[in-house]
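In: one predicted model, sequence on top.
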Amino acid sequence: MSKRFLCAIDLTHEDDAKALLTEAGRLARLEGAALSVVTVLPDYGSTFVGSFFKQGTLKNASESAQEALHQMERELLSDLAPVQSIVVVGSAYEKVLEAAETVSADLVIVGAHKPDFATRVIGPNAARITRYAQTSVLVVRL
């Protein structure tokens with residue numbers, strides 16, 4: 001039975017993303033698992049805020065995110081191939097859960113910072129992913 005891990009990273013926090021991706025790669029090597037990496041861009045296109053951006057801005061952002069993801073994978077996971085890269089637009093926790101189902105992930109790997117008062121009240125994406133995932137979730141403290 002083949003294993004597939006899904007690692008969800010946030011490209012806006014590059015150091016944390018690299019640390020999480022390094023750990024996901026280590027685990028994938030250890031378990032002989034295939035690795036998929038997903039990053040989620042916020043969707044502003046249909047909101048009032050979206051009307052202030054030029055047409056194609058979100059497409060350009062998606063292309064830039066895809067290139068940044070590939071670069072990070074080349075840098076950190078060159079010996080672990082092929083790595084599937086996924087860039088999606090929407091709500092972070094919803095899109096990570098959708099990606100986990102799409103790739104049939106056996107394990108979802110997410111990062112989380114030490115909780116503070118704000119994250120306890122609002123509820124971080126890692127907590128939502130952990131709560132609603134249909135598979136195991138590993139939360140790596142960053």
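Out: That came through fine. Residues are numbered from 1 along each chain as shown.
In: tell me the confidence at Glu73?
Out: In the predicted model, Glu73 carries a pLDDT score of 95.
In: residues in contact with Lys95?
Out: If a contact means C-beta atoms under 8 Å, 6 or more residues apart in numbering, then Lys95 has 38, 40, 88-89 as its contacts. Bear in mind the C-beta positions are built from the backbone N, C-alpha and C, glycine included.
In: name the next helix or strand following the least confident helix or strand in the chain by mean pLDDT along the chain.
Out: Every helix and strand of the chain was ranked by mean pLDDT, DSSP states H and E. The lowest is helix 117-122, at a mean of 49. On the C-terminal side of helix 117-122, the closest following helix or strand by DSSP states H and E is helix 125-132.
In: list of residues touching the longest helix belonging to the chain?
Out: Longest helix in the chain by number of residues, with DSSP state H as the criterion: helix 57-76. For helix 57-76, the external contacting residues (C-beta under 8 Å, 6+ apart) are 9, 11, 14, 17-18, 21-22, 25, 37, 39, 41, 43-45, 83, 85, 87, 89.
In: paired strands for the helix or strand just after it, with orientation please.
Out: Using DSSP H and E, the next helix or strand after helix 57-76 towards the C-terminus is strand 83-89. Here the strand partners of strand 83-89, with direction, are listed using DSSP bridges: strand 34-41 (parallel).
In: before we move on, the earlier item: which of the contacts of helix 57-76 are buried?
Out: Of all the contacts of helix 57-76 considered here, the ones buried according to neighbour count by 16 or more other C-beta atoms under 10 Å are 9, 11, 17, 21-22, 25, 37, 39, 41, 44, 83, 85, 87, 89.
In: sorry, back to before: angle of the longest helix of the chain against strand 83-89?
Out: 160 degrees (axes from the mean of the first three to the mean of the last three C-alpha atoms, to 10 degrees).
In: I'm done for today, thanks for sticking with me.
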